[in-house]
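Student: model this:
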Amino acid sequence: FIRASEKGAHVTPRVPAMANMRSLLGGSDEALVHDPGAEGPEGEGEAAMTMMVLVYAVALGLIIYEKFVKKKTDHDALKADELADVANFKAKLAANKAEGAEHADSALTDIEIRDKLKQAQWTEPNADVVTPEFRSKFIRTASFGALDTMDKGPVRDALYWLSGVSWMKIALFWWVIYCIWVFLLVLSVMGTGFKILGGKDSAKMFDVVDNPISGVMIGILATVLVQSSSTTTSIIISLVGANELSVNSAVFMVMGANIGTSVTNTIVAMGHFNNPDDLRRGFAAATVHDCFNLLSVAVFLPLNWIYPFLEKMTYEMTKDMNGCDEDAGDKCQKTEFLKPYVSPYSKGIANYNKDVSKYVSQNYCMGLCDYSMDSDALTEVSKIVCAQNAAGDNDCSGVHSKYSGTWVSGGKIAKKRVPAFVSTDASGVVSSHYSCPVAAGCDGLTSIYNKTSSTVVLTDGNLAASTTYAVCPKMKNGLCDKRLLKGGIALTEWKMTDAGAGTFLTIWSLGGLCACLFCIVYALQIIIKGGAARVLKKVIGFNPYLNMLVGMGITIMVQSSSITTATLTPIAAVGLITLEEMFPLTLGANIGTTLTGIMGATVATSNPGEAMQVALCHLFFNLFGILLWYPVPAMRNVPLNACRFLGRMTAHPKYGQAFPLVYTATVFLIIPGICYGIAAAATA
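Tutor: Predicted structure coming up:
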């Protein structure tokens, strides 16, 4: 590809990989702009709270109906019926075996038989048939007595079809769509709540990544904190792009993010405490995501530690990539699907100031030089602000107490790290300052750099003693002093503090998550019965690799594997889909979530090769994990048997009720927290 100048006198070869990638990912030439309308009582924040309150109210009404109005179920009689059904099933198998026709189900355990019978209840319900009397009455009424079921013709056929339509199911279907929308909103609000509750110090956790183990653990904690591996991966990519994190360390953090993203559906599975069988099935279906990710990390972490094959492989694929260049006509706008529609409503409740966490994580609290100096100017400024070591190279470690090696590239201090002022003592020794060191103020100081001519007017050899000079023409200070909560009705209407908003949003969204899932499951138990269940079973049971594509497609649309797996977990809990069918859907979701990082890397303007490396490492880590754990049945059974064991532990007579809580806290909080604490102490 060749891009010619407007005059046609000069042509510049340009690597089109980024532009092609953006095109393949569906990037449009025009950014999607949301028009929020006028501020006031009809804003997004109020609308979002109204939608969530409605789901809360319906869930509460259903709970009251189930507990106090609906005829109570005799659980002992129901348990006896289930045992009788299992006994009858086993008796039929025994009879077939006695006749010499042994069935494939003969090897099933009692638990597996109960699951099979539960599926049969979905596909063959008694209430799935419309009586002829009802059809006849419907047709006569709709045709004003002109037609009956025995007549023929297109009108009669249309009325006959309409007589079999369950309008309640259609209404419930749209209610489920509404609940899924609110579910997406709740997850977004939950992420905001966790990030605000974590405070500014949570952004510093990336500073202690000095070995693969700490990288994995911090990836887990960060993802649990923001409830999205896509968000964590985007943060990691931005840190790599800012030279604050190496690609090798980022790879291990991405592995941790893969583990952390499965916490959401594990929490969702705990909503089935009232039914032991549903809890067992749901927890097994949720933890199949955990087991796959944990096993993949257990294999690939030591391999990549011994030899960084992911980094080496992706480097060869990305080394010639150019950054997104708006001056050259590129559209540096990341393609997103649902987020532009959900984000305004969640921000209407509480808007998180992500710039503060970015400045904290990238160590710009002391200040940021927001002025572009050319390479020659940076060379001269570096000689002034940095000391000379024995080899004659610049040693910039004395610039600031928070200095790190990433502040220097090619022997020159990074332009954003240039101090605002330098001062000399009586001996001529230079010290750097990011805020004014003179009590009387720094107006009128002699400037080392002339921003009009873009030249350094004073050099290291002609600085006067006991004098202060201005270096950076435009310094930003106090970047980390801003509030994390920067907008939304939590700030403007409710006047909440950061701590108060974080606590409220976390508790409110966790309750909203439970309310949404309760309503979704309740409605699906009515909708997906009979014909709908049989169609769903045929689609999901057609081919497992097709299921991967389905899971990937759904995740690409919602841009969150947590949403996909958390929605599927209740369906698996009630027995509609099996664990074997859930597994490939989860694997597809794992692949789909990597697309967010890839789309973010395609619009990177700095260090695009490294940014794309991290995104591709995330993709290949999941692909290699699938190739290792899925195609071969013996290997596939390893994660399946592990999650079956975890599911059975929830039915333990003594520890079953506490096991899900203990497991979730241990895997996603306690172990990563201890490892992070050790790493932070060692770094300090």
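Student: As a quick check, tell me the outermost residue of the chain.
Tutor: Distance from the C-alpha centroid of the chain, by Cα atoms, centre = their mean, peaks at Ala146 (58.1 Å).
Student: Quickly note the distance from it to Lys137.
Tutor: 14 Å (Cβ to Cβ, to the nearest Å). Where C-beta positions appear, they are placed from N, C-alpha and C, glycine not excepted.
Student: What of Gly553?
Tutor: From Gly553 to Lys137 the distance is 43 Å (Cβ to Cβ).
Student: Return the residues in contact with the residue positioned nearest the centre of the chain.
Tutor: The centre of the chain sits closest to Ser228, judged by Cα atoms, centre = their mean, with a distance of 2.2 Å. Contacts for Ser228 (Cβ atoms under 8 Å, 6 or more residues apart in numbering) come out as 187, 191, 261, 560, 562.
Student: 6 Å instead, please
Tutor: By Cβ atoms under 6 Å, 6 or more residues apart in numbering, Ser228 lies in contact with 191, 560.
Student: Local confidence estimate at Ala286?
Tutor: According to the prediction, Ala286 has pLDDT 91.
Student: circling back: tell me how far the residue farthest from the centre of the chain lies from Lys482.
Tutor: 73 Å.
Student: At which residues are the helices of the stretch 251-400 of the chain located?
Tutor: 263-269, 276-306, 309-318, 339-349, 354-361, 375-385 (DSSP state H, counting those that start in this stretch).
Student: Which of these sits closest to Ser234?
Tutor: With Cβ to Cβ as the criterion, Ser234 lies closest to helix 354-361 of the helices of the stretch 251-400 of the chain, at 9.9 Å.
Student: Okay, buried residues for that closest one please.
Tutor: Going by neighbour count (16 or more other Cβ atoms under 10 Å), the buried part of helix 354-361 is 354, 356-361.
Student: Is the nearest residue to Met313 once chain neighbours are set aside in a helix, a strand, or coil?
Tutor: Counting by Cβ to Cβ, 6 or more residues apart in numbering, Met313 lies nearest to Phe620, which is 7.0 Å off, once chain neighbours are set aside. With DSSP: H, G, I helix; E, B strand; the rest coil as the basis, Phe620 sits in helix.
Student: Can you give me the pLDDT of Phe620?
Tutor: pLDDT at Phe620 comes out at 94.
Student: Measure how buried it is and give me the count.
Tutor: 18 (other Cβ atoms under 10 Å).
Student: mind listing what Trp223 touches?
Tutor: One thing to correct before we go on: residue 223 is Thr, not Trp. Contacts of Thr223 by Cβ under 6 Å, 6+ apart are 229, 232, 257, 260-261.
Student: how distant is the strand or helix carrying Gly588 from the center of its chain?
Tutor: For Gly588, the host element (DSSP states H and E) is helix 579-602. Computed by Cα atoms, centre = their mean, to the nearest Å, the separation of helix 579-602 from the middle of its chain amounts to 11 Å.
Student: What of stretch 617-637?
Tutor: 21 Å.
Student: Report the buried residues of it.
Tutor: Across stretch 617-637, burial judged by 16+ other Cβ under 10 Å covers 617-622, 624-626, 628-630, 636.
Student: Pipe those into TSV and attach distance to Val240 per row.
Tutor: Shown next, in TSV, are these (distance: Cβ to Cβ, whole Å):
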residue	distance to Val240
Cys617	10
His618	12
Leu619	15
Phe620	16
Phe621	16
Asn622	19
Phe624	21
Gly625	22
Ile626	25
Leu628	26
Trp629	28
Tyr630	30
Arg636	34
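Student: What lies in contact with the helix holding Gly588?
Tutor: Residues contacting helix 579-602 (Cβ under 6 Å, 6+ apart): 18, 21-22, 25, 229-230, 233-234, 237, 284-285, 288-289, 334-335, 540, 544, 547-548, 551-552, 555-556, 559, 561, 564-565, 568, 572, 611-612, 615, 618-619, 622, 626.
Student: Now the buried members of those residues.
Tutor: The neighbour count (16+ other Cβ under 10 Å) marks 18, 21-22, 229-230, 233-234, 237, 284-285, 288-289, 334-335, 540, 544, 547-548, 551-552, 555-556, 559, 561, 564-565, 568, 572, 611-612, 615, 618-619, 622, 626 as buried among these.
Student: how close does the residue nearest to the centre of the chain sit to Thr596?
Tutor: Applying Cβ to Cβ to Ser228 and Thr596 gives a distance of 9 Å.
Student: now Lys474
Tutor: Distance from Lys474 to Thr596, by Cβ to Cβ: 33 Å.
Student: Those two: who's more crowded?
Tutor: Neighbours per residue, other Cβ under 10 Å: of Lys474 and Thr596, the larger number sits with Thr596, 27 against 11.
Student: Model confidence score at that one, please.
Tutor: pLDDT for Thr596: 71.
Student: next one: Lys92
Tutor: Lys92 carries a pLDDT value of 76.
Student: Val456 reaches Leu378, doesn't it?
Tutor: No - using Cβ atoms under 6 Å, Val456 is not in contact with Leu378, being 9.2 Å away.
Student: Spell out the residue ranges of the helices in the stretch 51-200 of the chain.
Tutor: Going by DSSP H, counting those that start in this stretch, the stretch 51-200 of the chain shows helices at 75-98, 110-123, 132-142, 154-163, 167-198.
Student: Of those helices, flag the one that's most buried.
Tutor: Ranked by mean neighbour count, those are led by helix 167-198 with a mean of 20 (mean count of other Cβ atoms under 10 Å).
Student: After that one, which helix or strand is next?
Tutor: Using DSSP H and E, the helix or strand that follows helix 167-198 towards the C-terminus is helix 212-226.
Student: what helices or strands is whichever helix or strand comes after that following helix leaning on?
Tutor: Counting by DSSP H and E, the next helix or strand C-terminal to helix 212-226 is helix 229-241. Helices and strands touching helix 229-241, by 3 or more Cβ pairs under 6 Å, 6 or more residues apart in numbering; DSSP states H and E, are helix 212-226, helix 247-260, helix 579-602, helix 608-629.
Student: Relative to the whole chain's centre, how far out is the last one?
Tutor: Spelled out, that is helix 608-629. Chain-centre distance of helix 608-629: 16 Å, with Cα atoms, centre = their mean.
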